[in-house]
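here is my input, please return the structure:
(one chain, ligands or ions: 1)
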Amino acid sequence: MGISTTNPATGETVREFDALTESEVEEKVARAAAAAADHARTSFADRAQILHRAADILDADSESLASTMTTEMGKTITAAKAEIAKCAKGLRYYADNAADMLADDIADADAVNASRAFHRFQPLGVILAVMPWNFPLWQVIRFAAPGLMAGNVGLLKHASNVPQTALYLEDLFRRAGLVDGGFQTLLISSKQVEAILTDARVAAATLTGSEGAGRSIGETAGGQLKKVVLELGGSDPFVVLPSADLEKAAKVATTARCQNNGQSCIAAKRFIVHTDVYDEFARLFVENMAAQKVGDPTDDDTDVGPLATEQGRQDVVDLVDDAVSKGASVLTGGQVPDGPGWFYPPTVIADITTDMDIYGEEVFGPVASLYRASDVDDALRIANDTDFGLGSNVWTTDSSEIEQFIDDLEAGQVFVNGMTTSYPEISFGGIKNSGHGRELAKFGIHEFCNVKTVWVA
Ligand code: NAP
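Below you'll find the model as predicted:
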């Protein structure tokens, strides 16, 4: 696939872009390296001013930018505007709080025979960010806002299907007053990433994307002894136990599965329900899923727009077909609609067995897998029986069950009686094949810092 804007609601390619040549990439890397030295010398107050200006620009551009995002990857216009508002909030949050997160961390000087001992957080320099299309603005801002506040500069290799949003991001920081070269978009193919990551002027990388891309970038970074943060896929469990408010759980489950047209790493994908409430939850969930309005993403009242790419929809079709051919039941959805665009209906699949691909793989579309658990421990067992470990959800009002699931769910995040969501204020990341490292909050902002230990006699 080349670098282009292809509208998923129509299948029409509306703009194409050439990839940068080797010498154009070289020029940008050199500019980033020069900017890194300048930006590292700026004060927190200077950086905060830039981020506040960027937030104001986002607010002002919301209508047109939302339209670009919807055209490029099919998210509903309502979701696009909400994403922009979240990014503006995130920029302001780091502008206002990063200095505290990065203040010297004072150690016990007496214990180490010093007059002063502390850790100072200093920037690493040029960070390469390889990003996916599903939240084309937020994925980048959640790296850029803490990263720029920490004094790093960014090179963005965005997904090939969101080039206009990618270019907008470079322009955003330029208009906000960031030093020339402080944040640049590289319109390049994934094959061009390795050469950039092996360039000595690039200090580290962050990738949000698939497991395959994670392995590839992780290997290259490892070979270069460079720091890398990997935010990869997920197949998050959504566990419903007998004391849960079933009506609320079924509603939230629908949002958790269908948000962003079913294409979110932290979407709940496996719904694991205690046998005592399975039938009632299944009835409510299917009712809610079937009631979702699928259609034109530019309509304000559409719940679910098209999938972002033709291949992405085919992957979903293949997983559902494989399951059905091996005996799974389709409780709602499951059929590709006629007409243009890469639409797929909200779908619920039950009677899943371990030999089906859908049992172990991530479904990147609005398809829910429903599992019956014989008891609480069985629910936990099914929840953890996955190679992924990104987010997780448990619904119960029993305090001992809450503590048990907080302790025992194998995931980077546990949300109790709610759905997994990323917030600028709390950390985000996974374990197992969902990656390593953290984004956001104190843990995220420290990832791309030299934690310098200082000891003074
Ligand atoms: P993808 O194919 O891995 O693409 C993500 C980014 O990586 C794109 O910019 C892509 O460029 C680039 N890329 C792909 N293969 C590469 C390689 N071998 N070397 C260097 N760069 C490479 O991911 P996707 O399928 O579009 O996105 C969905 C996946 O991302 C899902 O698995 C989802 O769960 C995951 N995701 C994770 C998080 C999280 O925070 N954990 C958040 C959102 C999405 P091209 O577009 O040019 O191929």
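
in stretch 395-412, what's buried?
For stretch 395-412, the neighbour count (16 or more other C-beta atoms under 10 Å) marks W395, T396, E401, I402, Q404, F405, L409, E410, A411, G412 as buried. In this view, the C-beta of every residue, glycine as well, is placed from N, C-alpha and C.

and the pLDDT for the third one?
Right, E401. For E401, the pLDDT comes out at 98.

any part of the longest helix along the chain near the ligand?
As assigned by DSSP state H, the longest helix anywhere in the chain is helix 44-73. No - under the criterion of C-beta under 6 Å from any ligand atom, helix 44-73 makes no contact with the ligand; the nearest approach is 9.7 Å.

ditto for stretch 168-182
No - using C-beta under 6 Å from any ligand atom, stretch 168-182 never reaches the ligand; the gap is at least 13.0 Å.

return the set of buried residues in that stretch.
Neighbour counts over stretch 168-182 (16+ other C-beta under 10 Å) mark Y168, L169, E170, L172, F173, R174, A176, L178, V179, G181, G182 as buried.

the second one and the ligand: what is the separation?
The span separating L169 from the ligand equals 13 Å under the rule C-beta to the nearest ligand atom, to the nearest Å.

residues contacting that residue?
Shown in contact with L169 (C-beta atoms under 8 Å, 6 or more residues apart in numbering): L137, V140, A144, L156, H158, F183, T185.

with neighbour count, secondary structure and distance to A54 added, can I get the residues you listed in JSON lines?
As requested, those are arranged in JSON lines below (neighbours: other C-beta atoms under 10 Å; DSSP: H, G, I helix; E, B strand; the rest coil; distance: C-beta to C-beta, whole Å):
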{"residue": "L137", "neighbour count": "26", "secondary structure": "coil", "distance to A54": "11"}
{"residue": "V140", "neighbour count": "26", "secondary structure": "helix", "distance to A54": "11"}
{"residue": "A144", "neighbour count": "29", "secondary structure": "helix", "distance to A54": "9"}
{"residue": "L156", "neighbour count": "23", "secondary structure": "strand", "distance to A54": "14"}
{"residue": "H158", "neighbour count": "26", "secondary structure": "coil", "distance to A54": "17"}
{"residue": "F183", "neighbour count": "28", "secondary structure": "strand", "distance to A54": "10"}
{"residue": "T185", "neighbour count": "23", "secondary structure": "strand", "distance to A54": "15"}
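
near the ligand too, which of those?
For the ligand, the contacts drawn from these by C-beta under 6 Å from any ligand atom are H158.

tell me the one of the contacts of L169 nearest the ligand?
Within the contacts of L169, the smallest distance to the ligand is 5.7 Å, found for H158 (C-beta to the nearest ligand atom).

distance of the closest one relative to A129?
8 Å (C-beta to C-beta, to the nearest Å).

what residues does the stretch 301-450 of the chain put near the ligand?
E362, F364, L390, G430.

between the residues you listed, which is nearest L232?
The closest of these to L232 turns out to be G430 (C-beta to C-beta; 6.8 Å).

which ones are touching that closest one?
Going by C-beta under 8 Å, 6+ apart, G430 touches E231, L232, G234, F388, G389, L390, G391, A411, G412, Q413, H436.
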